[in-house]
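> Sequence and predicted model, in that order:
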Amino acid sequence: MGMYFRVYHRRSRQPLATYDERQIVDFCMGNKDSIGNYSFSVAGSQELMEWEVFAVKYSHLFVQRAKMREQAERKEIETTAIQEEIREKNKKPLYLLVGVAGFVLLIVVGGIILRVVLSKPQPVSAETPSAPVVTPTPEAPKPAPAIAKRDRRPSDESFVGKGPDEKALAAVWDSNKKKKWGPVLTPVEIKEEMDKYLPSLEKCFTERAKAGDRGLKGTINMKIRVAGDGSVLDVLFTDEKYKATLFADCLADEIKSKKFRPFRSKEQVFSYYFDL
């Protein structure tokens, strides 16, 4: 039976959530930029550990999770290679059929030309040149197009969005004093907010697939910067596969179009990923 861990806000010592061994690693990796704001304990124990102590004591969980992700990625690559090999093998009979048909056509046309030449009287001193026969060759298969990309921008590599000033943030917080907003979004709240974009993820995938993009499936790792009023300032895609692509632009625009719930800090940066 696996272990369970409880996450606390480091300053208030209020419990935030309970996770199993796999979930606690995902939580830590998804909040690595703000992980110092949390404390940890083993479920059933009152002893709280700071992040540095927890990371050393349970480092084997992170190694195990990394191996699992590596194995999953390797399996996906192998599956894609096998599928591609099967597609190529299925194409070969078609190429062979076209080649045989071309060869038969060449023999038939050559026989007709020879029959016509032999049936005509030939001058003694003149030679009748024969026209060259062009052998039809099958067209080479076109490579599948990759994910469509555009020119790089500064916003692909670093945060550039301008957030609201302190006065504007204070106005938002003061207008909703009755609501119990925390200093930052908790992991549970982040997941609830990001789940809103699942229909948008499907929409962008469908649109780009219809436009000719291939190989869109994979793990989409993002770094997201949100202001205290809930507005999304920046969405960075950390993998080269999706960086500066029209698919990533579509998803980033969808994420920026909807606000998160507010929280009582100037801004928060967190990592998140979608599996396609």
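Perfect, thanks for sending it. Only a predicted model underlies this, so the values are computations on that prediction, with no experimental measurement involved.

> So for the chain, the centremost residue is which one?
For the chain, residue 220 is the residue whose C-alpha lies nearest the centre (CA atoms, centre = their mean; 3.1 Å).

> separation between that residue and residue 105?
Look at residue 220 and residue 105: by CB to CB, to the nearest Å, they are 50 Å apart. All C-beta atoms are positioned from the backbone trio N, CA, C, and that covers glycine.

> and what of residue 8?
Counting by CB to CB, the gap from residue 8 to residue 105 is 79 Å.

> hey, where'd the helices end up in the stretch 51-200 of the chain?
For the stretch 51-200 of the chain, the helices defined by DSSP state H, counting those that start in this stretch occupy 51-57, 59-119, 166-175, 187-195, 198-210.

> lowest-confidence stretch among the ones you listed?
Here the lowest mean pLDDT among those goes to helix 59-119, at a mean of 73.

> Help me confirm that residue 252 comes into contact with residue 235.
Yes: judged on CB atoms under 8 Å, residue 252 makes contact with residue 235 at a distance of 4.1 Å.

> about what we covered before: quick check: the residue nearest to the centre of the chain is in a strand.
Yes: looking at residue 220 with DSSP: H, G, I helix; E, B strand; the rest coil, it is inside a strand.

> which residues touch it?
By CB atoms under 8 Å, 6 or more residues apart in numbering, the residues touching residue 220 are 237, 239, 242, 251, 273-276.

> ok, now residue 13?
So residue 13 contacts 39, 48 (CB under 8 Å, 6+ apart).

> Going forward, count from 38.
I'll keep to 38 as the first residue from here, and by that count the last item is residue 50.

> That one and residue 77, how far apart?
As judged by CB to CB, residue 50 and residue 77 stand 12 Å apart.

> before we move on, what about residue 109?
Where residue 77 is concerned, residue 109 sits at a distance of 26 Å (CB to CB).

> When the two are compared, which one has more neighbours?
Taking other CB atoms under 10 Å, residue 109 and residue 77 do not tie; residue 77 has more neighbours (24 against 12).

> Good, we can wrap up now.
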